[in-house]
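Asker: next come a sequence and a model predicted from it.
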Amino acid sequence: MLEGDIDLEGLSPKEAPAAQAAAAVDAEGAPPGRPDAQAAAMRVNEKYSTLPAEDRSVHIINICAIEDIGYLPSEGTLLNSLSVDPDAECKHGLYFRDGRRKVDYILVYHPKRPSGSRTLARRVQHSDATLAARGARHDQPLPGKGSVGAAGGPEPPMDYHEDDKRFRREEYEGNLLEAGLELERDEDTKIHGVGFVKIHAPWNVLCREAEFLKLKMPTKKLYHINETRGLLKKINSVLQKITDPIQPKVAEHRPQTTKRLSYPFSREKQHLFDLSDKDSFFDSKTRSTIVYEILKRTTCTKAKYSMGITSLLANGVYSAAYPLHDGDYEGENMDFNDRKLLYQEWASYGVFYKYQPIDLVRKYFGEKIGLYFAWLGVYTQMLIPASVVGIIVFLYGCATVDENIPSMEMCDQRHNITMCPLCDKTCSYWKMSSACATARASHLFDNPATVFFSVFMALWAATFMEHWKRKQMRLRYHWDLTGFEEEEVSRLDHPRAEYEARVLEKSLRKESKNKEKRRHIPEESTNKWRQRVKTAMAGVKLTDKVKLTWRDRFPAYFTNLVSIVFMIAVTFAIVLGVIIYRISTAAALAMNSSPSVRSNIRVTVTATAVIINLVVIILLDEVYGCIARWLTKIEVPKTEKSFEERLIFKAFLLKFVNSYTPIFYVAFFKGRFVGRPGDYVYIFRSFRMEECAPGGCLMELCIQLSIIMLGKQLIQNNLFEIGIPKMKKFIRYLRLRRQSPSDHDEYVKRKQRYEVDYTLEPFAGLTPEYMEMIIQFGFVTLFVASFPLAPLFALLNNIIEIRLDAKKFVTELRRPVAVRAKDIGIWYNILRGVGKLAVIINAFVISFTSDFIPRLVYLYMYSENGTMHGFVNHTLSSFNVSDFQNGTAPNDPLDLGYEVQICRYKDYREPPWSEHKYDISKDFWAVLAARLAFVIVFQNLVMFMSDFVDWVIPDIPKDISQQVHKEKVLMVELFMREEQGKQQLLDTWMEKARKKDEPCNNHGPKACLDSPEYPGGAL
């Protein structure tokens, strides 16, 4: 008899009928049995496998990208259903077949027939069913349909890999059953080749896990929230009436006057909580979180490898794991649910003007996603005053453009200023008046109001950060997270699949080395016993015994450093390539015979170069995102939190450099290292460095910033987010249409909730959402001195972005697992860093890129009449055309119709008739000193004002701190009353006992024994 056979004769009379009944159901399929059944199944697999155990243990570690298979760490367990007809009892897949137990989680796998013979499969099922009947832990066996061992048909080719996956599923699901979860399997679905395991957490499991996770739950105790009084109360009531039309029609969003006292759930103190409705005490978000925690810590120890749900997903044992949405979001006949309410009041473009129902978002998706949308809402609201001030600054520039003396002098053709050629040979002399339009446009952004706006935006950034901290504390109070510490969660965080795989690989190498050493040493009896103990403990988590040190990670760290430096160098090389394109294109257009083409060289070259930069930035963003993820993976971080933080740092660094390098070049490098006529600086000895326009580079910086910012928002943030999901959905629809129309209609009518959710896109985390907003925050703050309208365009984008992200979460994505969080994490530190950097960059933009400082220096040091008349001439130096180097003079010196002796160029240098001709003049050093002084004063002043704002505005609102203190006092009072009640009850019992003892003391033992109050009565 084979090892996998179970002898019915050896069973007791009570066990034999159950085993025979289980064997009779063998053709239908057997459930995953108890651990003994799993061991029998593994013994059969071991016997019929052609690979040694060690080889198989290594072969199964085929870690693929978790996000590719729908990473949202998946979880599941199983029971089985007889059929999958979408009837009212199971509410289209939201409940088990009995219509009572709610589906809390779904595991998805691809069922395939085992490779062994039918007889072998029947033996395994027979063993499972017999041991399931013998186990007596569950009241009923788990019926299956079409699982394994179906009779008839030719034998398929043997696939040991699929057998290994099946045995892993059976062992894992058996362990889930032991953990108290209830499972139901469905393989007769409308999606071909996909099976589902429905998981339900009963009440006792929910209570146990809620206590273990220290989940705060509302108690019976209600208390009134302190309300404002006097003038503030009247103002708040007026504001509520005014904003009532823009408030979402959601119960959770209405102002609350009372609140339930919350306390970490405890089974010993269940009397404190309102358990009148146990079905709704734990909402769907909490139930799925609890099941997910069980799935993460439940292991599959086959082949000496402790595997949780993340490892099983990574190895393809399960293809997906996710909680279910509450129901459909469209359809009049559908039951009303939170998902439908979110779709109507949050995820619709028609409600773009309304506030977000943040409390409902948190209730449905969890605190982490709720905090993201709350932060996005606060950021969008704070952009409104910044946009208004930016529009005012822009309108001020428009109103004063005709009064700007420097631009008027540049446009005045009577000055007849002849400028030096912009390139060698092909370019000729040109009139300064031809740059009139550029000079007038520069004044729109380069005016005294720009300095004020830069100071305002620095203070705005500090105020925004403080406002968000206060909002975050308010949400923490309302969401009962005041005592929550993420360190507690991090201690419970389980190792990632890749980390466990590396640890296993390290332990196997260590074990093989030890074997090599032991070959030359004869084993004693103690060594054999020790080996047996090690074998027995193979299922213990290797991550608890072996850890990865910095030596193990050093190659990955070195690869990270080299790769990041190389990627940054690639970005700089691309910017250099675009510079060469600008120079060569400008020289080529200068040879054009058309006067209109030659007059618009700067605009043409700038626009096309910026578009090239935009396309390159968008492409490299995607490439750098993949590279950052790969670099983080090879580091093998232990936990998901560590993985996420490292990924964010690398992705932000690469995308920051990619997005802002072209802008930094125009702001701080273009026109700085040009040289002078007769002694220009060349790239590769062929391309002459390009110069700024006579009005400065600020206008070009504005064009660069606006096109890149708007292009990224329109194409990358909106078009990609709308177009790619729609395209994927259309492809899935076309695949369905390949079936006959009748089959397609039947599928649409009969699909279950878990089948519909399986076709949705997996949730890939909040990193992409935060990243695009942080990059936008950089555009709004870093170079705002050159583009005052940046906050306005960011505001318009975010109004769409909120509803776009909301619709994606509600309709396009599988429901994420709710994650508790008390803040936005590392993103807050990045925001603070960007805000501090913005002060420095804006100081340099105003000082070095714009003409603000040279104008002040001229006005107070060189102006004869206290006006700006003569400023343009003061900033231009003279050059004698006879001093051109050989081969660099214009080919057509008479292009203007007359011979040019002296041409002008923008710089502070000595004239050709000076003793030290073409040397840097004293004016240059005076302007440079003023610029550096402005940077120091501006930076320190604005930093001081920002820190002052941080100090003036408290991080915790006063009313919230009072409410938190009140909650603590009420909690102490509640427990004191409880203790007093216990003491009074104890005193009452002692008083009764004392009264019973008095007759005994007064009348003797016989009277006490004859007394009817004596519990024992007379002897």
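Answerer: Structure's in. What do you need?
Asker: every contact and neighbour count from this point should use C-alpha atoms.
Answerer: Will do.
Asker: need the three-state assignment for Arg260.
Answerer: Secondary structure for Arg260, judged by DSSP: H, G, I helix; E, B strand; the rest coil, is strand.
Asker: contact partners for it?
Answerer: Taking C-alpha atoms under 8 Å, 6 or more residues apart in numbering as the definition of contact, the neighbours of Arg260 are 218-223.
Asker: in TSV: the residues you listed, plus pLDDT and secondary structure.
Answerer: Compiled in TSV, the contacts of Arg260 are given as follows (pLDDT from 0 to 100; DSSP: H, G, I helix; E, B strand; the rest coil):
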residue	pLDDT	secondary structure
Pro218	87	strand
Thr219	87	strand
Lys220	85	strand
Lys221	84	strand
Leu222	84	strand
Tyr223	81	strand
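Asker: would you turn those into TSV with distance to Arg672?
Answerer: TSV is the format used below for the contacts of Arg260 (distance: C-alpha to C-alpha, whole Å):
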residue	distance to Arg672
Pro218	65
Thr219	68
Lys220	71
Lys221	70
Leu222	68
Tyr223	67
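Asker: now do the contacts for the nearest residue to Val455 once chain neighbours are set aside.
Answerer: Nearest residue to Val455 in three dimensions, chain neighbours excluded: Val942, at 6.5 Å (C-alpha to C-alpha, 6 or more residues apart in numbering). Neighbour list for Val942: 455, 458-459, 839 [criterion: C-alpha under 8 Å, 6+ apart].
Asker: between these, which sits nearest Leu475?
Answerer: Leu459 (24.2 Å; C-alpha to C-alpha).
Asker: in this structure the closest one contacts Met945, no?
Answerer: Yes - applying C-alpha atoms under 8 Å as the test, Leu459 and Met945 come out as touching, 7.0 Å apart.
Asker: now, of the contacts of Arg260, which are buried?
Answerer: In terms of neighbour count (16 or more other C-alpha atoms under 10 Å), the buried residues within the contacts of Arg260 are 218-219.
Asker: of all the contacts of Arg260, which comes closest to Gly316?
Answerer: Sorting those by distance to Gly316 puts Pro218 at the head of the list, at 39.8 Å, by C-alpha to C-alpha.
Asker: mind checking pLDDT for the residue nearest the centre of the chain?
Answerer: In the chain, the centroid-proximal residue (C-alpha atoms, centre = their mean) is Leu766; its distance is 1.7 Å. At Leu766, the pLDDT value in this model is 90.
Asker: contacts only, for it.
Answerer: 369, 372.
Asker: how does it look with 10 Å?
Answerer: Taking C-alpha atoms under 10 Å, 6 or more residues apart in numbering, we find Leu766 in contact with 368-369, 372, 644.
Asker: restricted to strands, list the residues you listed.
Answerer: Using DSSP state E, the subset of the contacts of Leu766 located in strands is empty.
Asker: so which one of the residues you listed is the model least confident about?
Answerer: Lowest pLDDT within those is found at Glu644 (87).
Asker: in contact with that one, which residues?
Answerer: For Glu644, counting by C-alpha under 10 Å, 6+ apart, the contacting residues are 629, 632, 637, 765-767, 826.
Asker: please enumerate the strands of the stretch 251-400 of the chain.
Answerer: For the stretch 251-400 of the chain, the strands defined by DSSP state E, counting those that start in this stretch cover 258-264, 320-322.
Asker: actually the chain, not the one I typed
Answerer: 105-109, 182-186, 195-200, 216-224, 258-264, 320-322, 418-419, 430-431, 675-676, 679-680, 682-683, 687-688, 876-880, 902-906.
Asker: looking at those, which is closest to Thr286?
Answerer: Each of the strands of the chain has some distance to Thr286 by C-alpha to C-alpha; the shortest is strand 216-224, at 10.4 Å.
Asker: just give the nearest non-adjacent residue to Val197, would you?
Answerer: Computed as C-alpha to C-alpha, 6+ apart, the closest residue to Val197 that is not its neighbour in sequence is Arg185, at 4.5 Å.
Asker: separation between that neighbour and His200?
Answerer: Remark: distance between Arg185 and His200 (C-alpha to C-alpha, to the nearest Å) = 12 Å.
Asker: just for the stretch 251-400 of the chain, where's the confidence low?
Answerer: Along the stretch 251-400 of the chain, the model assigns pLDDT under 70 to residues 252-253, 302-306, 332-334.
Asker: neighbours of Ala321, how many?
Answerer: Ala321 sits with 31 neighbouring residues when counted by other C-alpha atoms under 10 Å.
Asker: verify the stated contact: it with Leu313.
Answerer: Yes - using C-alpha atoms under 10 Å, Ala321 makes contact with Leu313 at a distance of 8.1 Å.
Asker: per-residue pLDDT, Gln776?
Answerer: According to the model, Gln776 carries a pLDDT of 92.
Asker: check Asp493 too.
Answerer: According to the prediction, Asp493 has pLDDT 64.
Asker: can you check Ile63 too?
Answerer: For Ile63, the predicted pLDDT is 35.
Asker: check Trp203 too.
Answerer: With respect to pLDDT, Trp203 has a value of 92.
Asker: which residue packs closest to it, ignoring adjacent ones?
Answerer: Taking C-alpha to C-alpha, 6+ apart as the measure, Trp203 lies nearest to Lys278, with 7.8 Å between them; neighbours along the chain are not counted.
Asker: count residues in the vicinity of that neighbour, would you?
Answerer: Lys278 has 10 nearby residues by other C-alpha under 10 Å.
Asker: next one: the one 4 residues further on
Answerer: Taking other C-alpha under 10 Å as the criterion, the count of residues near Phe282 is 18.
Asker: ditto for Arg440
Answerer: As a burial measure, the neighbour count of Arg440 was computed by other C-alpha under 10 Å and equals 23.
Asker: from Glu755, how far off is it?
Answerer: The span separating Arg440 from Glu755 equals 62 Å under the rule C-alpha to C-alpha.
Asker: the more surrounded of Leu459 and Met945?
Answerer: Leu459 (22 against 16).
Asker: quick one, what contacts the closest residue to the more buried one other than its chain neighbours?
Answerer: Take Leu459 and drop its neighbours on the chain: the residue closest to it by C-alpha to C-alpha, 6+ apart is Ser946, 5.5 Å away. With contacts taken as C-alpha under 10 Å, 6+ apart, Ser946 has the following neighbours: 455, 458-463, 835-836, 839, 940, 952.
Asker: repeat the analysis, applying 8 Å as the threshold.
Answerer: With contacts taken as C-alpha under 8 Å, 6+ apart, Ser946 has the following neighbours: 458-459, 462-463.
Asker: and Thr219, by the same measure?
Answerer: Contact partners of Thr219, counting by C-alpha under 8 Å, 6+ apart, are 260-263, 272-274.
Asker: one step back: export the strands of the chain to a markdown table and tack on distance to Ser237?
Answerer: Putting these into a markdown table (distance: least, C-alpha to C-alpha, whole Å) gives the following:
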| stretch | distance to Ser237 |
| --- | --- |
| strand 105-109 | 44 |
| strand 182-186 | 50 |
| strand 195-200 | 45 |
| strand 216-224 | 18 |
| strand 258-264 | 17 |
| strand 320-322 | 43 |
| strand 418-419 | 66 |
| strand 430-431 | 64 |
| strand 675-676 | 66 |
| strand 679-680 | 69 |
| strand 682-683 | 67 |
| strand 687-688 | 67 |
| strand 876-880 | 62 |
| strand 902-906 | 61 |
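Asker: of the ones you listed, which is nearest Ile405?
Answerer: Using C-alpha to C-alpha and comparing the strands of the chain, the one that lies nearest Ile405 is strand 876-880, at 15.8 Å.
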